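S.K.: Generate a structure from the sequence data that follows.
(one chain, ligands or ions: 1)
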Amino acid sequence: MNLYNYINYLEYLNKNLIEFFKNQAPYIFCNKGCARCCKKGIYPFSEIEFRYLMFGYKKLSSDLQYLIKNKILNLYEEKITSEGDNYMYECPFLINNECSLYDYRGIICRTFGLMTYQGDGIPKIPFCAFTGLNYSQVLDFKTQTVSFEKFSRLKGFPEPLAFNIDYKLLTNKEHEEICNISFGEQKSLLDWLILEFELQ
Ligand code: SF4
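M.R.: Modelled structure (predicted):
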């Protein structure tokens, strides 16, 4: 598992994402302490992402590790009593509304807040638009996507753009070849953690 090449890939990805966020700045309300994206989700992680996350976890203080381990245990117990495969949960690395592993976070975490292009021509607007945050100025509640009529009434705003940052695309074979990495198997973050901490 080549973590060095993966870190290079993250640098390349981050550079692009910083530009995307800059370009869309008037629509973006993300700020420190807003952690809505980390409060309910499945969080897909590939093996290399998970290994890098654990690399960061091992650097945390033992108190913080203990706290996080307890959260994972609670989530595991909740998951086994919940029905269905799509158990949604608050990420156990979220502490006081901040990511305790920010530099080591996964690829999906880095894309939170932007509009995603999924290839069907319909931009996927972040869910926080429905609560008055990102892209809410151009949200069409009915179609759940961008209203270009609302955009035309805004003065000095950039065009609301969706980017090619769908998780599946960012972790596809092409990126593996270009960056000389292997993402490996993909699972929900919690499923990786259950394995890592030998909870089953
Ligand atoms: S790893 Fe960090 S950024 Fe990603 S979901 Fe968890 S708390 Fe949020």
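S.K.: Next, the contact list for the residue nearest to P126 when sequence neighbours are not counted, please.
M.R.: Spatial nearest neighbour of P126, chain neighbours left out: N134 (4.7 Å); criterion: C-beta to C-beta, 6 or more residues apart in numbering. For every residue, glycine as well, the C-beta is placed using N, CA and C. For N134, the contact set (C-beta atoms under 8 Å, 6 or more residues apart in numbering) comprises 27-30, 113-114, 125-126, 128.
S.K.: could I get those as a markdown table with pLDDT and neighbour count?
M.R.: As requested, the contacts of N134 are exported to a markdown table (pLDDT from 0 to 100; neighbours: other C-beta atoms under 10 Å):
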| residue | pLDDT | neighbour count |
| --- | --- | --- |
| Y27 | 98 | 27 |
| I28 | 98 | 17 |
| F29 | 97 | 16 |
| C30 | 96 | 16 |
| G113 | 97 | 21 |
| L114 | 98 | 25 |
| I125 | 95 | 24 |
| P126 | 96 | 24 |
| C128 | 96 | 18 |
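S.K.: Identify the farthest-apart pair in the residues you listed.
M.R.: Spanning the widest gap among the contacts of N134 are C30 and I125, at 14.1 Å by C-beta to C-beta.
S.K.: Would you mind listing what in this structure touches the ligand?
M.R.: Contact residues, the chain versus the ligand (C-beta under 6 Å from any ligand atom): 38, 43, 91, 93-94, 99, 101, 105-106, 109.
S.K.: Which of these fall in strands?
M.R.: Using DSSP state E, the subset of the residues of the chain next to the ligand located in strands is 94, 99.
S.K.: so which helix or strand takes in N31?
M.R.: In this assignment (DSSP states H and E), N31 forms part of neither any helix nor any strand.
S.K.: about what we covered before: just put the residues of the chain next to the ligand in JSON lines and tack on pLDDT.
M.R.: Shown next, in JSON lines, are the residues of the chain next to the ligand (pLDDT from 0 to 100):
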{"residue": "C38", "pLDDT": "98"}
{"residue": "Y43", "pLDDT": "98"}
{"residue": "C91", "pLDDT": "98"}
{"residue": "F93", "pLDDT": "98"}
{"residue": "L94", "pLDDT": "98"}
{"residue": "C99", "pLDDT": "98"}
{"residue": "L101", "pLDDT": "98"}
{"residue": "R105", "pLDDT": "98"}
{"residue": "G106", "pLDDT": "98"}
{"residue": "C109", "pLDDT": "98"}
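S.K.: out of the residues of the chain next to the ligand, what pair is the most spread apart?
M.R.: Of all pairs in those, the most separated under C-beta to C-beta is L94 and G106 at 13.0 Å.
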